[in-house]
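**Q** Attaching a predicted model along with its sequence, questions to come.
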Amino acid sequence: MAKEYWRWTEYRWTSPDVKLNGQQYITCGIDVGSVSTQAVIMLDGKLFAYSSMRTGSSSPESSQKALTWALEGTGLAQKDVQYIVGTGYGRVNMPFAHKTVTEIACHGRGANFIYGPTVKTVLDMGGQDCKAIRIDEKGAVKNFLMNDKCAAGTGRGMEVFADLVCVPIEEVGQLSLTVEKEPPPVSNTCVIFAKSEASALLEEGWEVNKVLAAYCSAMAHRVVSLLQRVGVEKEFAITGGISKNPGVVKRIERELGLEALHPNIDAQIAGAIGAALFGKAFLAKGGK
Amino acid sequence: MIANYGYKDGSGEYFIILDTDKCDGCELCVKACPEHVLFMGEDIGDPLRDVPVVLVTEEHRKKLRYSCASCKPSKEVKNLPCVVACPHGALRHSW
Amino acid sequence: MITAGVDIGSKTVKVVIVKDGKILSKVIMPGGRKKDEVADQAFNEALEKANVKREDVLKIVSTGAGKKKALYAKDDISEVGADAKGVLFYFPNVRTVIDVGAEEGRGVKCDATGKVLDFVINEKCGAGAGSFTEAMSRALEVKLEDMGQMSLTSHGAVPMNAQCAVFAESEVISLIHKKIPKEDIIKAVHDAIAARITSMIRTIGVEQDVCMVGGLSLNVGFVKSMKDALGVDLLIPEDPEFIGALGAALAAQG
């Protein structure tokens, strides 16, 4: 089978410190994106366990699989989870969820959890969309913008490039930073046209790292213009799969003149964390 | 809360900017739009809020340039039916 | 008077040689990487076919995205201007031209002399032109040439949410998983592009007669989708891909 360069590693995690101990609120947030699905389990608003895997062709199956995997080895059964909140693209098709909440609100809350009350601007670069969110110190949304029409600046766009240059997607970012001199960005925003442009550059003799640098640069530039529409206020943080791509992250920071906060937990699960926190809020409000 | 619905692609930036703090749910804009681009629904940024606010339908978010084209064939056209209908100035177009 | 027009598009290069209002020869070649070399080759081939010597060609005008690559051309005209002139050669009553190429979709309003009154271009987005059908033909594993016929046999309507060629690929794959017949998916693809192009044309106004040219006008399924979306009949010239080059050659006639 041909190597699939776009395929990133799936994973799960259980907290080494937080233990099942008669907590009052056992909630779960499941973020079903078009590319990846995350399930997060929280006990009284503290991170207990989570999983991240590729979304299959069926959203309900993916959400169930992610939840089962997150629960694996924790000693907690699905029936003991009091409130499940679904979010993301596939939230409308999650039969076992108690409620669904939009990803904008979930990412706001999730970013506030991961980065703390100082974060005011969140950029989420997901598999098939790009979100710019301004939040207050509690994680409530003040201004937002979501772009899911165009693949430029999304994970799918990056996957197309990883495939084109035959570099595993997890290495793309680092590789793009190894250029001596920053090349001009690809002139086409459109992934389809940028791909042809990149093929031409490769044929002309450009090295792979240079082509990747040109693309990451174009992607960063586009994303920054979306951010500027909602306005950028410190502190600034990035969530979503592409937050793990230093090639794009560094270039965004350069253009904004602002460093992004570094998460001490996986920022790809921000949406699911927010969803689990909303679960706790709904339970506290009366469990409706 | 300010909500920006629409997209940016290679050809430009097309967003409808809604200020939900100014929206009181009167629905005049929804009725003014000939293409049914707008509707009343749950506040996307605040799931705990009960009052419905104006939103752009999911279907139209991705093709706003084309959805609004009948009222707004070019950048120069202002005074769109939805914008004029809103008594609180909660709506505007980015292009 | 013998003149020539060369249209250097994003995918192909077209050359037309005209003498006193008659077409002597037409040549089309895949563009490849070195557009100036291909433009040269195409021109030489056109000369051979027309049985005409280079020195007999009084003026050469170029058009298309790569118009500057035709080093032998004396002048160049805009693609919308070339479209208008080229179409009027076949249909003198056309006032609206729709040109859907590989990377760009254009709408042109013209008068009886071929003067451009207004135009609209959908550029820089792969979903508004032929690149969309190309991407879909790959996702569906269907030959691009077969897409037109197949979409005509479709009976069902399938909504297509994605407005981007890259996302549409994933959407198409999930539709195939759901066992939706390929013909229906292809029709949805054609309808989606037609809807976009039609909205765009409406911004300059649809005035009959309406003519469609460009690579995508060879796709019978897409043509039907366009007719349905526009609600008017569409005139399509023979060899619609040569309209740009023809228009340039006619412009060279003065």
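**A** On my side now, so go ahead.
**Q** For the stretch 51-200 of chain C, just list every one of the helices.
**A** All helices of the stretch 51-200 of chain C, identified by DSSP state H, counting those that start in this stretch, fall at C:79-90, C:130-140, C:147-152, C:165-177, C:182-202.
**Q** Just say which of these is most tucked in.
**A** Here the criterion is mean neighbour count by mean count of other C-beta atoms under 10 Å in any protein chain shown, and of the helices of the stretch 51-200 of chain C the winner is helix C:79-90, at a mean of 26. Where you see a C-beta, it was placed from the backbone N, CA and C, and this is true even at glycine.
**Q** And the contacts of that one?
**A** Helix C:79-90 is contacted by residues C:5, C:7, C:63-65, C:94, C:97, C:99, C:104, C:106, C:108, C:110, C:112-116, C:119, C:121, C:211, C:213, C:235, C:237-238, C:242-248, C:250-251 when judged by C-beta atoms under 8 Å, 6 or more residues apart in numbering or on different chains.
**Q** which residues does residue B:82 contact?
**A** Contacts for residue B:82 were tallied using C-beta under 8 Å, 6+ apart; they are B:29, B:32, B:33, B:37, B:38, B:71, B:91.
**Q** Can you tell me which residues in chain C are near chain B?
**A** C:122-128, C:161-164, C:195-196, C:199-200, C:202-204 (C-beta under 8 Å from any C-beta of the partner chain).
**Q** Could you report the pLDDT at the residue of the stretch 151-254 of chain C found nearest chain A?
**A** Across the stretch 151-254 of chain C, the shortest distance to chain A (C-beta to the nearest C-beta) belongs to residue C:166, at 3.7 Å. Note for residue C:166: predicted pLDDT of 88.
**Q** swap in residue A:1?
**A** On the pLDDT scale, residue A:1 gets 42.
**Q** what's the answer for residue C:181, then?
**A** So residue C:181 comes in at 92 (pLDDT).
**Q** Do I have it right that it meets residue C:156?
**A** Yes: between residue C:181 and residue C:156 there is a contact under C-beta atoms under 8 Å: 7.2 Å.
**Q** Return the subset of the contacts of helix C:79-90 lying in strands.
**A** Counted as lying in strands by DSSP state E, out of the contacts of helix C:79-90, are C:5, C:7, C:63, C:97, C:99, C:106, C:108, C:110, C:116, C:119, C:121, C:211, C:213.
**Q** Pull the most distant pair out of those.
**A** C:5 and C:121 (20.2 Å; C-beta to C-beta).
**Q** Comparing those two, which residue is more hemmed in?
**A** Using other C-beta atoms under 10 Å in any protein chain shown as the criterion, residue C:5 and residue C:121 rank with residue C:5 on top: 35 against 16.
**Q** and the closest residue to residue C:191 other than its chain neighbours, what does it touch?
**A** With sequence-adjacent residues excluded and distances taken as C-beta to C-beta, 6 or more residues apart in numbering or on different chains, residue C:191 is closest to residue C:225, at 4.9 Å. Neighbour list for residue C:225: C:151, C:187, C:190, C:191, C:193, C:194 [criterion: C-beta under 8 Å, 6+ apart].
**Q** Could you report the pLDDT at residue C:225?
**A** We have a pLDDT of 93 for residue C:225.
**Q** Confirm residue C:38 sits in a helix?
**A** Yes: counting by DSSP: H, G, I helix; E, B strand; the rest coil, residue C:38 is located in a helix.
**Q** residues near the closest residue to it other than its chain neighbours, how many?
**A** Closest residue in space to residue C:38, ignoring its immediate chain neighbours: residue C:13 at 4.9 Å, by C-beta to C-beta, 6+ apart. Residue C:13 is flanked by 28 other residues according to other C-beta under 10 Å.
**Q** Settle this for me: residue C:13 is touching residue C:35, isn't it.
**A** Yes: proximity of residue C:13 to residue C:35 meets the contact threshold set by C-beta under 8 Å, at 6.7 Å.
**Q** picking up where we left off before, ChimeraX command for the buried members of the residues of chain C next to chain B?
**A** Selection command for ChimeraX covering only the buried members of the residues of chain C next to chain B, criterion 16 or more other C-beta atoms under 10 Å in any protein chain shown:
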select /C:122,123,124,125,126,127,128,162,163,164,195,196,199,200,202,203,204
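**Q** Which residues of the stretch 1-150 of chain C lie near chain A?
**A** C:33, C:103, C:124, C:125, C:126, C:131, C:135.
**Q** looking at it, the fourth one is touching residue B:11, isn't it?
**A** Okay, so that is residue C:125. Yes: counting by C-beta under 8 Å, residue B:11 is a contact partner of residue C:125 at 5.1 Å.
**Q** which residues sit in contact with residue C:238?
**A** residue C:90.
**Q** That one and residue A:126, how far apart?
**A** Per C-beta to C-beta, to the nearest Å, residue C:238 is found 48 Å from residue A:126.
**Q** Also residue C:51?
**A** Separation of residue C:51 from residue A:126 (C-beta to C-beta) stands at 61 Å.
**Q** These two: which is more packed in?
**A** More neighbours surround residue A:126 than the other of residue C:51 and residue A:126, with 28 against 10 (other C-beta under 10 Å).
**Q** Show me where the stretch 1-150 of chain A dips below the pLDDT cut-off.
**A** Within the stretch 1-150 of chain A, the stretches falling below the threshold (pLDDT under 70) are A:1-3.
**Q** tell me which parts of it are close to chain B?
**A** The stretch 1-150 of chain A comes close to chain B at residues A:101-102, A:104-105, A:108, A:134, A:140-150, as judged by C-beta under 8 Å from any C-beta.
**Q** hmm, which of those residues are the buried ones?
**A** A:101-102, A:104-105, A:108, A:134, A:141-150.
**Q** so when I look at residue B:46, I'm seeing a strand, right?
**A** No: counting by three-state DSSP, residue B:46 is located in no strand; its state is coil.
**Q** What are the neighbouring residues in contact with it?
**A** A:105, A:140, A:141, B:1.
**Q** My understanding was that the first one contacts residue A:138; is that so?
**A** In other words, residue A:105. No: using C-beta under 8 Å, residue A:105 is not in contact with residue A:138, being 11.9 Å away.
**Q** What score does the residue nearest to residue A:245 when sequence neighbours are not counted have for pLDDT?
**A** Distances taken as C-beta to C-beta, 6+ apart place residue A:173 nearest to residue A:245, at 3.7 Å, with adjacent residues excluded. At residue A:173, the pLDDT value in this model is 92.
**Q** Which helix or strand contains residue A:173?
**A** helix A:169-176 (DSSP states H and E).
**Q** and for the strand or helix carrying residue A:192, what are the contacting residues?
**A** Taking DSSP H and E as the definition, residue A:192 sits inside helix A:191-204. Here helix A:191-204 makes contact (C-beta under 8 Å, 6+ apart) with A:151-152, A:156-157, A:160-161, A:164-165, A:186-188, A:208, A:210-211, A:214-215, A:218, B:10, C:33, C:103, C:124, C:126, C:131, C:135, C:164-166.
**Q** What segments of the stretch 51-200 of chain A are strands?
**A** Along the stretch 51-200 of chain A, counting by DSSP state E, counting those that start in this stretch, strands occupy A:83-87, A:99-100, A:121-125, A:130-135, A:141-147.
**Q** and residue 105, what does it touch?
**A** Reading this off chain A. Residue A:105 touches A:141, A:274, A:278, B:44, B:45, B:46, B:47, counting by C-beta under 8 Å, 6+ apart.
**Q** The intended chain is chain C.
**A** So residue C:105 contacts C:98, C:99, C:121, C:122, C:123, C:128, C:129, C:193, C:196, C:197, C:200 (C-beta under 8 Å, 6+ apart).
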